[in-house]
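Novice: Provided below are the primary sequence and the corresponding predicted coordinates.
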Amino acid sequence: MSLLIHQIISILFLIVIPLPIIALMKVRSGTPLDSARTWKVLVMLANIALFVSLITGFIIYPIFTSFRAWFSVALILIIGAFLGIFSKQLKLYMNENNEEAKIKSLKKISKVGYAYIAVIIITFAFMSNWYNF
């Protein structure tokens, strides 16, 4: 049951993937990100999913002497860092009145977002081939 919950919850990390692409499109077109509050909620849901995924991962694989267990924990921490950067930049974007500062926040979301996408792909590839390592 923990494995099923772990796999279903892990899919929630994918809901944040369109954010950097949308941010880049908004920067290039010069239009505001009207859905910033919605993205803030989605990032919060991804943070909750991260916590649940970490807990269910500990239940599924309680042995911490292997490299793959520590590597997966490191990947989870990296994902958490990216989600924190997204959250902070969205908060700055929503609270800022200066258009140039808003564009700077969107650019940072876009740059960090592509690294987030790469880490998500690495994480899913690693976790899908767990027993091959």
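Specialist: Looks like it came in fine. Numbering: from 1, shown residues only.

Novice: In this structure, which residue is most central in space?
Specialist: For the chain, the residue sitting closest to the mean C-alpha position, by C-alpha atoms, centre = their mean, is Leu83 at 4.5 Å.

Novice: now for the helix or strand containing it, which elements pack on it?
Specialist: The secondary structure element spanning Leu83 is helix 67-95 (assigned by DSSP states H and E). Helix 67-95 makes packing contacts with helix 36-60, helix 99-128 when contacts are defined by 3 or more C-beta pairs under 8 Å, 6 or more residues apart in numbering; DSSP states H and E. For glycine as for every other residue, the C-beta is placed from the backbone atoms N, C-alpha and C.

Novice: would CSV of these with mean neighbour count and distance to Ser2 be doable?
Specialist: Supplementary listing: the helices and strands packed on helix 67-95 in CSV, determined by neighbours: other C-beta atoms under 10 Å; distance: least, C-beta to C-beta, whole Å:
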stretch, mean neighbour count, distance to Ser2
helix 36-60, 17, 4
helix 99-128, 16, 14
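
Novice: Phe71 is nearest to which of those?
Specialist: Across the helices and strands packed on helix 67-95, Phe71 has its closest neighbour in helix 99-128 (7.0 Å, C-beta to C-beta).

Novice: now that closest one, how far from the chain's geometric center?
Specialist: Distance, stretch centre to chain centre, for helix 99-128: 8 Å (C-alpha atoms, centre = their mean, to the nearest Å).

Novice: From the contact counts, what lies against it?
Specialist: Contacts defined by 3+ C-beta pairs under 8 Å, 6+ apart place helix 99-128 against helix 18-29, helix 67-95.

Novice: of all those helices, which lies closest to Ser110?
Specialist: helix 18-29 (4.2 Å).

Novice: What are the phi and psi values at Asn98?
Specialist: In this entry, Asn98 is assigned phi and psi values of phi -80, psi 130 (degrees, to the nearest 10).

Novice: what do you get for Pro32?
Specialist: When quoted as degrees, to the nearest 10, the phi and psi of Pro32 stand at phi -80, psi 160.

Novice: okay, now it: neighbour count?
Specialist: Pro32 is flanked by 13 other residues according to other C-beta atoms under 10 Å.

Novice: Brilliant, that's me finished.
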